[in-house]
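>>> Any chance you could fold what I've pasted below:
(2 chains)
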Amino acid sequence: MTQKQKIALAPWVFTIGFFVLWELGCRAFSVSSFVLPTPSSVANAMWEYRTQLSFHSFHTLWMTLAGFGIAVVFGLALGLLLGSSRIVHAGTYPLLVGFNAIPKVAVVPILVIWFGVGWMPAVLTAFMISFFPIVVNVATGLATIEPETEDVLKALGASKLDIMIKVGLPRSMPYFFGSLKVAITLAYVGSVIAEYNASKYGIGNLMARASADFNVPLLFASLIALAILGVAMYAITAWIEKRMTGWAQRSGFAAN
Amino acid sequence: MSNAFVRLEHVQHVYGGEGGVLAVEDLSIAVKEGEFAAVVGPSGCGKSTLMKLATGLQFPRAGTVTVDGAEVTRSVKIAGMAFQNPVMLPWRTTLDNVLLPLEIVEPHRSRLRREKAAYTEKAEALLAQVGLKGFGSRYPWQLSGGMQQRASLCRALIHEPRLLMLDEPFGALDAFTREELWCVIRDLHAAKKFTVILVTHDLREAVFLADRVFCMSSRPGRIVAEREVNLARPRDLDITYSPEFAEIVHELRGHIREARGVH
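So this is what the prediction gives:
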């Protein structure tokens, strides 16, 4: 088997191995399914509740993507602003960091007071939790333009906007796409927190009900469904990243 | 000299506000149109500052800078620049990197879209001239350092600037590639007759390429000597082994040694 084939196979082997170990561990120590259900019973629960699970998963997916979409637009715009103006950067950073440090679960009740129970709190929580890494990364990408590149363009009479479009934007793209991979997984956390507390739909809501019923296998089935969604969205962003910024991923260090 | 194309008069420049580093002081230099001028000096003497002042990237604390008869109050727009580091944009192909100035400088900027084919052809021709024929579609990071530097020269020249500023452009290259590129720049200058200011610490490079060599003192930099190089053009690389050539290099070395304060 070549190195390349081994690498392609590795994620499957490790993932299956993880579940096999889990199953064996549960059986060997006869752990109660109330404490930690075996993967097989979780799989059973997934099959049993497949209609509910897929319905709520889709709902969560929509909430997450909506919040993530807003975060991308807002994060990119704010990042560009921060990266291009030192004053705005210095002025808004404490605010941004402070805002990011607030646990978003504490904000959900406020959102419910403002917008009521429904899709708004979920979308907004997903947005709030995921825009910060985008802002920081885009701003970093812009702030680290080589001064010589800037000089080449300035000596031609390029405006600040020219430099931003010709150099700043493309240069910050690898940072931007890198941050999307972090942001998309965070967005799931956000929407599920909000659904858990303030929604009639979504995986978060399903989990809240499952835990009230002490339906531990369903609880775990929901977690697995979330994990699968997260991995899928991560893979899609990673693929887009590779397509858009292949020029930045030419290091042999990352390729092997 | 009233017919100077680039003229700095009693220029003083300080980096970093009050009490900052005095980079150049009482710096005066005059370069005629079409002339190939070289500026040599010990490292850290403010050679790069001179480049930035002459292109309007920095403005002097005192004194005046005039280019093409007008005082420089903003970036000059008629300059092409190349640095020691080729600073190619890695997301653009070599050809697109070369075309970059045309996306900024008028009148090309508004014509570029319509006359893309003609401009592309021009860029290809320029690439061929520096020995990069067929490399336009490669990305800069797929090229060697010397090839990137050639492409960077093309980018500096594509918009037919009247002033070419070279800041140690061959500094990071091996000796053979450097001499090859000397000939490339020599031929380009002979063909297009633009004005060149070359900043370098290589005395042989300065003497081989330039019509006039200026020696700068150590910081704060000013001109301590000016030497006309009247070796006949076109110059061949063999000239670098001739006694006249060695004599000029030797003389300049003396000035540099004085400038560094080492005897």
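
>>> How are the strands of the stretch 151-256 of chain A distributed by residue range?
Counting by DSSP state E, counting those that start in this stretch, the stretch 151-256 of chain A has no strands to list.

>>> Where does the prediction get shaky in it?
Low-confidence segments of the stretch 151-256 of chain A (pLDDT under 70): A:249-256.

>>> what sits against the residue in it that chain B sits nearest to?
Residue nearest to chain B within the stretch 151-256 of chain A (CB to the nearest CB): residue A:157, separated by 3.8 Å. All C-beta spots, glycine's among them, are computed from the backbone N, C-alpha and C. By CB atoms under 8 Å, 6 or more residues apart in numbering or on different chains, residue A:157 lies in contact with B:74-77, B:104-105.

>>> Equivalent analysis for residue B:220, please.
Here residue B:220 is in contact with B:12, B:22-25, B:46 (criterion: CB under 8 Å, 6+ apart).

>>> Now flag whichever of the residues you listed is closest to residue A:175.
Nearest to residue A:175 among the contacts of residue B:220: residue B:23, at 33.1 Å, using CB to CB.

>>> rewinding a little: just the ones in strands from the contacts of residue B:220, please.
Those of the contacts of residue B:220 mapping onto strands are B:12, B:22-25, per DSSP state E.

>>> Report the secondary structure element holding residue B:165.
Using DSSP states H and E, residue B:165 maps to strand B:163-167.

>>> for the nearest residue to residue A:163 once chain neighbours are set aside, what are its contacts?
Distances taken as CB to CB, 6 or more residues apart in numbering or on different chains place residue A:153 nearest to residue A:163, at 5.2 Å, with adjacent residues excluded. Residues near residue A:153 by CB under 8 Å, 6+ apart: A:162-163, A:166-167, B:100, B:104.

>>> Show me how far the lengthiest helix in chain A is from its chain's centre.
Across chain A, the longest stretch assigned as helix under DSSP state H is helix A:50-84. Computed by CA atoms, centre = their mean, to the nearest Å, the chain-centroid distance of helix A:50-84 equals 8 Å.

>>> and if you look at stretch A:120-137?
On CA atoms, centre = their mean, the centre of stretch A:120-137 falls 9 Å from that of its chain.

>>> contacts for the lowest-mean-pLDDT helix or strand in chain B?
Ranking every helix and strand in chain B by mean pLDDT, DSSP states H and E puts helix B:108-111 at the bottom, with a mean of 78. For helix B:108-111, contacts defined as CB under 8 Å, 6+ apart pick out B:101-103, B:119, B:159.

>>> Ok, stretch B:199-211 next?
By CB under 8 Å, 6+ apart, stretch B:199-211 touches B:35-43, B:47-48, B:50-51, B:165-168, B:170-171, B:178, B:182, B:185-186, B:189, B:196, B:198, B:213, B:228-229, B:231, B:235, B:237, B:239-240, B:245, B:248-249, B:252-253, B:256.

>>> Excluding chain neighbours, what is closest to residue B:126?
Take residue B:126 and drop its neighbours on the chain: the residue closest to it by CB to CB, 6+ apart is residue B:154, 4.7 Å away.

>>> Pull out the buried positions in the helix or strand hosting that neighbour.
Here residue B:154 sits within helix B:145-157, counting by DSSP H and E. By neighbour count with 16 or more other CB atoms under 10 Å in any protein chain shown, helix B:145-157 contains the buried residues B:146-157.

>>> coming back round to it: now the contacts of residue B:220 as JSON lines including pLDDT?
What follows is these, written out as JSON lines (pLDDT from 0 to 100):
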{"residue": "B:12", "pLDDT": "84"}
{"residue": "B:22", "pLDDT": "80"}
{"residue": "B:23", "pLDDT": "81"}
{"residue": "B:24", "pLDDT": "82"}
{"residue": "B:25", "pLDDT": "82"}
{"residue": "B:46", "pLDDT": "79"}
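
>>> Show me which of these are buried.
Buried among the contacts of residue B:220 (16+ other CB under 10 Å): B:12, B:23-25, B:46.

>>> Pick the one among those closest to residue A:230.
residue B:23 (54.1 Å).

>>> ok, the closest one - contacts?
B:13-15, B:46, B:49, B:219-221.

>>> ok, back up a step: mind putting the contacts of residue A:157 in CSV, distance to residue A:190 included?
Below are the contacts of residue A:157 laid out as CSV (distance: CB to CB, whole Å):
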residue, distance to residue A:190
B:74, 47
B:75, 46
B:76, 51
B:77, 49
B:104, 42
B:105, 47
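
>>> among the residues you listed, which are in strands?
Going by DSSP E, the strands hold none of the contacts of residue A:157.

>>> Let me know the closest of the residues you listed to residue B:142.
Among these, residue B:104 lies closest to residue B:142 (CB to CB), at 24.8 Å.

>>> Phi first, then psi, for the closest one.
phi -110, psi -50 (degrees, to the nearest 10).

>>> do residue B:73 as well
Residue torsions, per degrees, to the nearest 10, at residue B:73 are phi -120, psi -10.

>>> Setting the sequence-adjacent residues aside, check what's closest to the most centrally placed residue in chain B.
Nearest to the geometric centre of chain B sits residue B:166, at 1.8 Å (CA atoms, centre = their mean). Leaving aside its chain neighbours, residue B:166 sits nearest to residue B:198 (4.4 Å; criterion: CB to CB, 6+ apart).

>>> Look at the residue in the stretch 101-250 of chain B positioned nearest to chain A and report its pLDDT.
Residue of the stretch 101-250 of chain B nearest chain A, by CB to the nearest CB: residue B:104 (4.4 Å). Each residue has a pLDDT score; the one for residue B:104 is 84.

>>> repeat for residue A:53
Looking at residue A:53, its pLDDT reads 92.

>>> So it sits against residue A:43, correct?
No. When contacts are counted by CB atoms under 8 Å, residue A:53 is not listed as touching residue A:43 (11.7 Å).
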